[in-house]
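Visitor: How does the following fold in three dimensions:
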Amino acid sequence: MVRIIDLPKIVDQRGNLTFIQYPDHIPFQIKRTFWIYDVPGGEVRGGHAYKTQQEIIIALSGSFNVVVNDGKKTSTYHLHRSYNALYIPPMVWRHIENFSTNSLSFHISDEKFNEEDYLRNFDEFISKIK
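Guide: Below is the predicted model:
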């Protein structure tokens, strides 16, 4: 189930700190991380589902919307706090849109990159869900 995970937030006058630990905060061990930045205005990223991969998305800076579809309904999550993580399980279609200036989208995955794990055609995704 797609859900927001509230990460620890340690407040300090010198600056706040947030961290992620497995299994305390996320349901998988980390095997890959990547980030998306310098997205031109109006561009959309993603547009795929993973067959087996789980993913966490965090807005480290700025804001953006993550639009997910589980084959039954579409939901939009507005990410704008670095202590909120969006968990996306396998077989959920996603794309990211509405990037603010200087936004930074941080992604954490339980698998190394594998092109075979991607579903990049929405109709194919829907047929596999059914």
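Visitor: Helix or strand with the lowest mean pLDDT in this structure?
Guide: For the chain, using mean pLDDT, DSSP states H and E, the weakest element among its helices and strands is helix 122-129, scoring a mean of 95.
Visitor: Which residues does that one contact?
Guide: The contact list for helix 122-129 (C-beta atoms under 8 Å, 6 or more residues apart in numbering) reads 47, 49, 51, 70, 71, 91, 93, 119. Placement of C-beta: from N, CA and C, glycine included.
Visitor: Give me the buried entries from those residues.
Guide: Neighbour-count burial (16 or more other C-beta atoms under 10 Å) applied to those gives 49, 70, 91, 93, 119.
Visitor: quick revisit: adding secondary structure and distance to residue 125 as columns, could you present the contacts of helix 122-129 in CSV?
Guide: Output for the contacts of helix 122-129, formatted as CSV (DSSP: H, G, I helix; E, B strand; the rest coil; distance: C-beta to C-beta, whole Å):
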residue, secondary structure, distance to residue 125
47, strand, 10
49, strand, 5
51, coil, 10
70, coil, 10
71, coil, 7
91, coil, 8
93, strand, 5
119, strand, 5
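Visitor: Pick out the residue closest to the middle of this protein.
Guide: Nearest to the mean C-alpha position of the chain, by C-alpha atoms, centre = their mean, lies residue 57 at 2.7 Å.
Visitor: Apart from its chain neighbours, what residue comes closest to that one?
Guide: In space, and not counting its chain neighbours, residue 57 is closest to residue 86: 4.6 Å by C-beta to C-beta, 6 or more residues apart in numbering.
Visitor: Any idea what that neighbour is bridged to?
Guide: For residue 86, the beta-bridge partners are residue 4, residue 57 (DSSP bridges).
Visitor: gap between the least confident helix or strand of the chain and the chain center?
Guide: Here helix 122-129 is found 20 Å from its chain centre; the criterion is C-alpha atoms, centre = their mean, to the nearest Å.
Visitor: Could I get the pLDDT score of the residue lying closest to residue 18 once chain neighbours are set aside?
Guide: Distance criterion C-beta to C-beta, 6+ apart; nearest residue to residue 18, sequence neighbours excluded, is residue 83 at 4.5 Å. At residue 83, the model reports a pLDDT of 97.
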